[in-house]
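Undergrad: missing the sequence, but the structure's below:
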């Protein structure tokens, strides 16, 4: 019988609050730019220039237009809850390192223009969740990996140049390989060793289990006796007891 106490995943309010807070910051920055007509694109990543390094920290919070912001917001509202629920202990390491190294990769590889948006982080999240699930070999996380493929498998094409104008394919490319690296480096619990059934426990005694009593030592099925056999055995035992008692008298 399944033991729910061995479930390695646990819901907390941060599963919802973290993505909502992150996306709220993106929209507040975008609102500020519109409200005060103040373009902050110069805080983006400008490759191979020292002044462009500041964009490694600031670029994920900057977006060129409403469509760009909306697409990234939807992706974050899907991926961040998944990350927080299934990889709670690794969440902030993935976020911080995903932002830093995808940004650094963009700074090293990018074309000479300002690169803005959270796409690099999104690709890092997609890559991490997919590969980490495969590496754990735990059936729930493997199923999650295939779900990620269904949702974002087509986005792999945007890691290559000349697919669509106006996107930072360099940021996508960097984010994808950062997610793969984090999946290899960051440790997770041995989900596959979780105990889900009573017979998996080291102190399990098959002789005391009503189901296991139906099998012999070699695993062959021994069906329980039929009711008439039980009655016959009962009367035989009773007659034997009475006979022994009379014989002693």
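TA: Ah, there it is. Model, not experiment: these values are computed from the prediction.
Undergrad: just the helices in this structure please.
TA: Using DSSP state H, the helices of the chain run over 14-35, 55-58, 66-86, 91-109, 119-136, 139-152, 169-185, 227-248.
Undergrad: for the fifth one, buried residues please.
TA: To tie it back to what came earlier, the one meant is helix 119-136. 119-133, 136 (16 or more other Cβ atoms under 10 Å). C-betas here are computed from N, CA, C, even on glycine.
Undergrad: so what angle separates the directions of it and helix 14-35?
TA: Using axes from the mean of the first three to the mean of the last three Cα atoms, to 10 degrees, the inter-axis angle of helix 119-136 relative to helix 14-35 is 160 degrees.
Undergrad: other SSEs contacting helix 119-136?
TA: Here helix 119-136 touches helix 66-86, helix 91-109, helix 139-152, helix 169-185, going by 3 or more Cβ pairs under 8 Å, 6 or more residues apart in numbering; DSSP states H and E.
Undergrad: dump these to TSV, plus distance to residue 21.
TA: Shown next, in TSV, are the helices and strands packed on helix 119-136 (distance: least, Cβ to Cβ, whole Å):
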stretch	distance to residue 21
helix 66-86	10
helix 91-109	12
helix 139-152	22
helix 169-185	21
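Undergrad: pick the most deeply packed of the ones you listed.
TA: Across those, averaging neighbours per residue (mean count of other Cβ atoms under 10 Å) puts helix 169-185 on top, at a mean of 22.
Undergrad: how distant is that helix from the center of its chain?
TA: On the basis of Cα atoms, centre = their mean, to the nearest Å, helix 169-185 sits 16 Å off its chain's mean C-alpha point.
Undergrad: list the contacts of residue 72.
TA: Residues in contact with residue 72, defined by Cβ atoms under 8 Å, 6 or more residues apart in numbering, are 26, 63, 117-119, 122.
Undergrad: dump these to JSON lines, plus distance to residue 96.
TA: Output for the contacts of residue 72, formatted as JSON lines (distance: Cβ to Cβ, whole Å):
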{"residue": "26", "distance to residue 96": "17"}
{"residue": "63", "distance to residue 96": "20"}
{"residue": "117", "distance to residue 96": "18"}
{"residue": "118", "distance to residue 96": "14"}
{"residue": "119", "distance to residue 96": "17"}
{"residue": "122", "distance to residue 96": "15"}
